[in-house]
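Visitor: Everything below, folded, please.
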Amino acid sequence: MARKTARATAAGQLGYGSFLWGLGAACLVIALLPVGATLLYGNDKEFWAKLFLVFGFGLGAIYCFGEAAFVKGVFDEQRLTFSTPWTGTKNESWKDLVSITFNATCSWYLLRFKSGAKVRLSVYLGGHQSALETAVKRQPHLRRAL
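Guide: Below you'll find the model as predicted:
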């Protein structure tokens, strides 16, 4: 999956594809199943289990839809502009890039800039590989991080 998304967007664009929308829809369906079962069959047993299913998968759906809809980025040979609903917009120059590290647990690359800004590029984010290659072109000493 990550290999397909590495360069899956238009040149200079970062964004999630249909996978995250599908995952959000699946979470939403699972969150609504206990509600539907209770309404249709009048089964009011296992209240706490149903409540945790509804809220757990409901929060998962909100997160997936938020990521898919609002995480966007653009980059060129000079700059990276990246926006998320969780950390806001960051507009940084490649020449100010200090480090690139990969977090295998979370499957993202962490880009640190001189300003202190941190940008996390998920391996599921379309275009992330092209952005990393552009960064390394501007800062060749960071190639070992990839």
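Visitor: Skipping its backbone neighbours, what lies nearest Ala25 in space?
Guide: Ala61 (7.6 Å; Cβ to Cβ, 6 or more residues apart in numbering). For the C-beta atoms, the positions are set from N, CA and C on the backbone; glycine is no exception.
Visitor: Burial check on that neighbour, number of neighbours?
Guide: 20 (other Cβ atoms under 10 Å).
Visitor: do Gln129 as well
Guide: A count of nearby residues for Gln129, using other Cβ under 10 Å, gives 19.
Visitor: so how far is Glu46 from the residue nearest to Ala25?
Guide: With distances taken as Cβ to Cβ, to the nearest Å, Ala61 is found 21 Å from Glu46.
Visitor: Likewise for Leu59?
Guide: Leu59 is 20 Å from Glu46, by Cβ to Cβ.
Visitor: is it true that Gln113 touches Glu92?
Guide: Not Gln; residue 113 is Phe. Yes - using Cβ atoms under 8 Å, Phe113 is in contact with Glu92, at 4.6 Å.
Visitor: Now do the shared contacts for those two.
Guide: Listed as contacting both Phe113 and Glu92 by Cβ atoms under 8 Å, 6 or more residues apart in numbering are Val119.
Visitor: So Phe52 versus Tyr41, what's the distance?
Guide: Separation of Phe52 from Tyr41 (Cβ to Cβ) stands at 19 Å.
Visitor: So between the two, which is more surrounded?
Guide: Phe52 (12 against 8).
Visitor: The more buried one and Pro34: what is the separation?
Guide: The value you get for Phe52 to Pro34, if Cβ to Cβ is used, is 9 Å.
Visitor: With Phe55 instead?
Guide: Phe55 sits 10 Å away from Pro34, going by Cβ to Cβ.
Visitor: And those two? Which one has more around it.
Guide: The neighbour comparison of Phe55 against Pro34 (other Cβ under 10 Å) goes to Pro34, with 19 against 11.
Visitor: I figured that one hits Lys50, correct?
Guide: Yes - counting by Cβ under 8 Å, Pro34 touches Lys50, with 3.8 Å between them.
Visitor: For the protein, which segments count as strands?
Guide: 13-15, 72-75, 79-84, 88-93, 97-103, 108-113, 118-122 (DSSP state E).
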